[in-house]
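# have a look at this prediction, sequence included:
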Amino acid sequence: MTRNLRVGFTYDLRDDYLAEGLSLEEAAEFDKPATIDAIASTLAGLGHRVARIGNLRALAGRLAAGERWDIVFNIAEGRSGFAREAQIPALLEGFGVPAVFSDALTLALCLHKGYAKRVVRDAGLATPNFAVVEEGVPDVAGLSFPLFAKPIAEGTGKGVSAWGMAPDASSLRIVCDDLLRRFRQPVLVEEFLPGREFTVGVAGTGGKARVLGTIEIRFLPNADPLAYTFDNKDQYLDRVEYVLVDDPEAGAAAELALAAYRVLGCRDGGRVDIRSDAGGKPQFMEINPLAGLDPVNSDLPIICRLKGIGFETLIGWIMGSAMERL
């Protein structure tokens, strides 16, 4: 891998947004100082010169002032809008500065769970039947109850709770009304899958993308039992168990995850969530092309840690993929 690059580093710092008045849930996707420090020191340890930039506004100012980098390591989630994760890559593309991870098109597509599922479904990959509810009475003709509802463009489990399970039409309307009011965005409604839940780590780009490992998320007695909810993620030490798996069903989940990652045009690294139906058939749920990189608490580093892959190795593979495609 090429060394001694000028690497810009873009991110959204949680403390900045809490200071602006956002709630802990609203700021849940943004990174803590320890995460930023860990990534910056790891990039420096790989031999690069790291320039901490920060968020979109900070990047815009530095680009306007004429500053440039060989590449930007971007983990910024963005503040608002369906294209919030795409804003920094789009700005960098306009200034001719390459970036690590997926481009603006893929990031915008994947953040909107409905659009991503349509692409995956059209590619012939398994995903639960779904509908997108924007207002009024949910139109779920052709879907079978129970249904599960969640915001269409949130991450880190925001808006995902046991409350989202709807056994009938009247309860579904109550859930959708609540989510529409709280998150001010459409609601994704899916047929509920009662099977095993997996998350799959992937590194690389295109034909060179590969599965790093698959873990099953097993709910402990005090967890929300139906889904990998916001509370389950936030309190994972007490609520869930991450188990490295490689049985046939887990292998099928990994194959599906890799196929979806490639179909959606993801690059360098990411994570794919898969859940099985009652018959044990894995189905695509959603994808995170900007997977969390907290070395202790984020799912992708946890997968690698269970596989015996160090954090520096993971970051090195991600950077290596970016440099190879550039």
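On my side now, so go ahead.
# alpha carbons only for contacts and neighbour counts from here, please
Fine.
# excluding chain neighbours, what is closest to W69?
When the adjacent residues along the chain are set aside, W69 lies closest to R6, with 5.2 Å between them (CA to CA, 6 or more residues apart in numbering).
# per-residue pLDDT of that neighbour, please?
In the predicted model, R6 carries a pLDDT score of 98.
# how many residues are close by it?
16 (other CA atoms under 10 Å).
# my guess is it contacts A51, does it?
Yes. Counting by CA atoms under 8 Å, R6 sits close enough to A51 to count as a contact (7.4 Å).
# backbone dihedrals for the residue nearest to W69, both of them.
R6 adopts backbone torsions of phi -80, psi 100, taken as degrees, to the nearest 10.
# bridged to it, which residues?
Per DSSP bridges, residues listed as beta-bridge partners of R6: R49.
# quick one: it from F73, how far?
With distances defined as CA to CA, to the nearest Å, the gap from R6 to F73 amounts to 10 Å.
# what do the two both touch?
Listed as contacting both R6 and F73 by CA atoms under 8 Å, 6 or more residues apart in numbering is no residue at all.
# so who does the nearest residue to F219 once chain neighbours are set aside touch?
Closest residue in space to F219, ignoring its immediate chain neighbours: V240 at 4.5 Å, by CA to CA, 6+ apart. Contact criterion CA under 8 Å, 6+ apart gives I217, R218, F219, L220, A223, N232 as the residues in contact with V240.
# which of those residues sits closest to D294?
When these are compared for distance to D294, the smallest value, 16.9 Å, is given by N232; criterion: CA to CA.
# so that closest one, which of the three states?
Following DSSP: H, G, I helix; E, B strand; the rest coil, we place N232 in the helix state.
# what's near enough to touch it?
N232 touches A223, D224, R239, V240, counting by CA under 8 Å, 6+ apart.
# for E134, same thing?
If you count contacts by CA under 8 Å, 6+ apart, then E134 has L180, Q185, P186, V187 around it.
# I'd say the last one and L147 touch.
No. Shown here, V187 and L147 do not form a contact pair, counting by CA under 8 Å, at 11.9 Å.
# of these two, which one has the most company?
Comparing V187 with L147 by neighbour count (other CA under 10 Å), the higher total belongs to V187, at 28 against 23.
# and the gap between that one and D70?
39 Å.
# what do you get for V160?
Noted for V160: a distance of 39 Å to D70, by CA to CA.
# which one's more surrounded, these two?
For V160 against D70, the residue with the higher neighbour count under other CA under 10 Å is V160, and the figures read 22 against 13.
# contact partners for the closest residue to the more buried one other than its chain neighbours?
If the residues on either side of it in the chain are set aside, V160 comes closest to T229, at 4.9 Å by CA to CA, 6+ apart. With contacts taken as CA under 8 Å, 6+ apart, T229 has the following neighbours: G157, K158, G159, V160, S161, A162.
# who wins for most neighbours among those?
When neighbours are taken as other CA under 10 Å, the top entry among the contacts of T229 is G159 (24 neighbours).
# what does stretch 179-195 contact?
Defining contact as CA under 8 Å, 6+ apart, one finds that stretch 179-195 is touched by 113-114, 128-135, 143-153, 159, 165, 176, 226, 275-280.
# let's see that with 7 Å instead.
Identification of contacts with stretch 179-195 by CA atoms under 7 Å, 6 or more residues apart in numbering yields 114, 128-134, 143-152, 176, 275-278, 280.
# flag every buried residue along the stretch of helix or strand Y261 belongs to.
Taking DSSP states H and E as the definition, Y261 sits inside helix 248-263. Of the residues in helix 248-263, 249-250, 252-263 count as buried by neighbour count, 16 or more other CA atoms under 10 Å.
# how close does E26 get to I287?
When distance is defined by CA to CA, E26 is 20 Å away from I287.
# more neighbours, the two?
Between E26 and I287, I287 has the larger neighbour count (other CA under 10 Å), namely 26 against 16.
# name the nearest residue to that one, sequence neighbours excluded.
If you skip the residues right next to it in sequence, I287 has V272 as its closest partner in space, 4.4 Å away by CA to CA, 6+ apart.
# hey, what's that neighbour bridged with?
With DSSP bridges applied, the residues forming beta bridges to V272 are V200, I287.
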